[in-house]
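>>> sequence and computational prediction follow.
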Amino acid sequence: MAPVITLTTDFGTGDAYVASMKGVILSINPKAVIVDICHSVEPQNILQAAFILSTAHHHFPEGTIHLAVVDPGVSSQRKAIVLKTPAAFFLAPDNGVLSYIVDELETTPARPAPHFPPSPEPRELGAGIEAVAITNPDFWRHPVSSTFHGRDIFAPVAAHLSLGVPLYKFGDSVSHIYTFTIPRPYHDTEEKRIGRILHIDNFGNLITNFRGSDLPGKKVTIVIGNQQIQDISQFYAEREGLAAIIGSSGYVEISLRNGSAATFLKANVGDEVRVTQS
């Protein structure tokens with residue numbers, strides 16, 4: 001099977017940035033299969049890219065190489081890293097864009113976290129995860145642009161990795177990378193659960209950090225702002241107005257039929273969502 005390399009960036013499609021990265025990859029490995037996950041991440045929105053990558057990577061073959069470049073710190077002191085998990089490889093700046101990837105592989109019980117921290121913090125990698133800092137220039141494109149490491153460092157490293165170059169050849173092993181703590185629902189009282197909006201999708205749906213297993217049942221009252229939503233619906237068009245469903249990512253989503261829940265509620269990532277049993 002030809003190696004698969006995915007791309008997630010905030011580059012958009014109106015310029016040649018994405019095509020340049022693909023050209024570099026194919027020049028090194030013409031047999032690579034390149035798949036676009038998303039290039040419409042809001043500029044410099046690390047958390048958005050982290051969430052989008054987390055919902056897509058499970059659907060790719062084992063050994064896929066996932067390249068995520070949302071890099072407001074390009075040419076700063078931030079590291080460029082390759083992360084190897086039991087199922088895949090991830091190449092990214094060490095700025096929190098791999099937060100969900102590391103979080104879902106954590107084996108110790110997670111403590112409730114009420115909100116996103118303002119900046120990522122170093123986190124020790126658990127068993128089964130390896131990481132190296134990309135420091136060996138032998139696998140880079142030269143000269144290296146100070147503003148386009150996606151093309152000159154990440155893309156060629158991904159291509160060489162797809163050809164079977166061992167992980168250790170790209171640089172020194174690291175035991176910590178920077179991640180954001182992912183907010184988790186918690187009990188404010190015995191009856192009331194508090195969560196947050198993790199992501200707002202292209203339709204304006206509000207994806208919360210509640211999973212179906214976090215709910216006391218489908219007969220619940222969900223409160224966001226000054227709006228209340230009764231019970232969990234089965235699909236988007238089941239009712240008029242605001243609705244809550246279990247979306248394809250497994251999280252509870254708040255939607256608005258034929259409209260944007262985000263616009264209607266003036267909601268933002270990180271806003272509070274409350275759930276009580278009806």
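Noted; the coordinates are in hand.

>>> give me the distance between Arg193 and Ala262.
As judged by CB to CB, to the nearest Å, Arg193 and Ala262 stand 22 Å apart. In this view, the C-beta of every residue, glycine as well, is placed from N, C-alpha and C.

>>> got a list of what the closest residue to Val165 other than its chain neighbours touches?
Spatial nearest neighbour of Val165, excluding adjacent residues (CB to CB, 6 or more residues apart in numbering): Phe139 at 7.1 Å. By CB atoms under 8 Å, 6 or more residues apart in numbering, the contact set of Phe139 is 156-157, 160, 165, 169-170.

>>> same thing but 7 Å
Phe139 sits next to 156-157, 160, 170 when contact means CB atoms under 7 Å, 6 or more residues apart in numbering.

>>> what stretches of this structure score poorly on pLDDT?
107-112, 190 (pLDDT under 70).

>>> run through the strands of the stretch 101-250 of the chain in chain order.
121-124, 130-133, 176-179, 186-187, 192-200, 206-211, 220-224, 227-230, 242-246 (DSSP state E, counting those that start in this stretch).

>>> turn these into TSV, including distance to Gly150 and mean neighbour count.
As requested, the strands of the stretch 101-250 of the chain are exported to TSV (distance: least, CB to CB, whole Å; neighbours: other CB atoms under 10 Å):
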stretch	distance to Gly150	mean neighbour count
strand 121-124	24	13
strand 130-133	17	19
strand 176-179	18	20
strand 186-187	37	12
strand 192-200	23	21
strand 206-211	26	22
strand 220-224	36	19
strand 227-230	40	16
strand 242-246	35	21
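
>>> of those strands, which is nearest Ser54?
strand 192-200 (9.4 Å; CB to CB).

>>> what lines up beside that closest one in the sheet?
strand 186-187 (antiparallel), strand 206-211 (antiparallel), strand 272-277 (antiparallel) (DSSP bridges).

>>> which among those strands is found nearest to Cys38?
Closest among these, using CB to CB: strand 206-211, at 14.5 Å.

>>> need the contact list for the spatially most central residue of the chain.
The centroid of the chain falls nearest to Ala50 when counting by CA atoms, centre = their mean (2.0 Å). Residues near Ala50 by CB under 7 Å, 6+ apart: 96-100.
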